[in-house]
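Trainee: Sequence and computational prediction follow.
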Amino acid sequence: MAERDPEAMAELDALDQVGDAVIEAAAAYFAEDHNRRIVQSLVAQLDILDAEKPKTDTAVAGKTVVFTGALERMTRDEAKAQAEALGAKVSSSVSKKTDIVVAGPGAGSKLKTAAELGLQVLTEDEWLALVGAG
């Protein structure tokens, strides 16, 4: 059995939304020799690229964005990935900490809350224009 790698555990601990339970599960998995061999075999078949760091010089960098309603030009996952790559944080709920709400057709209570809080509300097309993808 392999020793736990304190550097790898610290790297996991630094990730947003990764806590002790995930760190312990990963450590237990990689403590098994056969599991490490499986992963090494997989890695040998892949061309692994370094993760891109989110941009910090965009119109939405550092802002919290909520997508609500139906998106017509991209999926919710694509919208979230796009926003995060541009340095924004994506939230699933509207609060006073929200900076931008992107509302598609059928937006309901989140849009109402955004209006009550006086938040910036954009259509999907306005969002795409703001981030230079429209």
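Mentor: Okay, I see it.
Trainee: Tell me the helix or strand right after the helix or strand of the chain with the lowest mean pLDDT.
Mentor: Least confident helix or strand of the chain, by mean pLDDT, DSSP states H and E, is helix 6-13 with a mean of 82. Next along the chain after helix 6-13, taking DSSP states H and E as the criterion, comes helix 20-30.
Trainee: Show me what counts as buried in that next one.
Mentor: Buried residues in helix 20-30, counted by 16 or more other C-beta atoms under 10 Å: 23, 30. Where you see a C-beta, it was placed from the backbone N, CA and C, and this is true even at glycine.
Trainee: any idea how far that helix is from the chain center?
Mentor: 21 Å (C-alpha atoms, centre = their mean, to the nearest Å).
Trainee: contacting residues around that helix?
Mentor: 2, 4, 9, 12-13, 35-36, 39 (C-beta atoms under 8 Å, 6 or more residues apart in numbering).
Trainee: if you set the cut-off to 7 Å instead, what comes out?
Mentor: With contact meaning C-beta atoms under 7 Å, 6 or more residues apart in numbering, helix 20-30 is reached by 2, 4, 9, 12-13, 35-36.
Trainee: circling back to that earlier point, could you tell me the angle between the least confident helix or strand of the chain and helix 20-30?
Mentor: Here the directions of helix 6-13 and helix 20-30 differ by 140 degrees (axes from the mean of the first three to the mean of the last three C-alpha atoms, to 10 degrees).
Trainee: List the buried residues for helix 6-13?
Mentor: The neighbour-count check on helix 6-13 (16+ other C-beta under 10 Å) flags Leu12 as buried.
Trainee: Which strands and helices lie in contact with it?
Mentor: The contact analysis (3 or more C-beta pairs under 7 Å, 6 or more residues apart in numbering; DSSP states H and E) places helix 6-13 against helix 20-30.
Trainee: After the helix it packs on, which helix or strand is next?
Mentor: Immediately after helix 20-30, counting by DSSP H and E, sits helix 33-44.
Trainee: next SSE after that following helix?
Mentor: Next element after helix 33-44 (DSSP H and E): strand 64-68.
Trainee: What's the mean pLDDT across that next one?
Mentor: For strand 64-68, mean pLDDT is 96.
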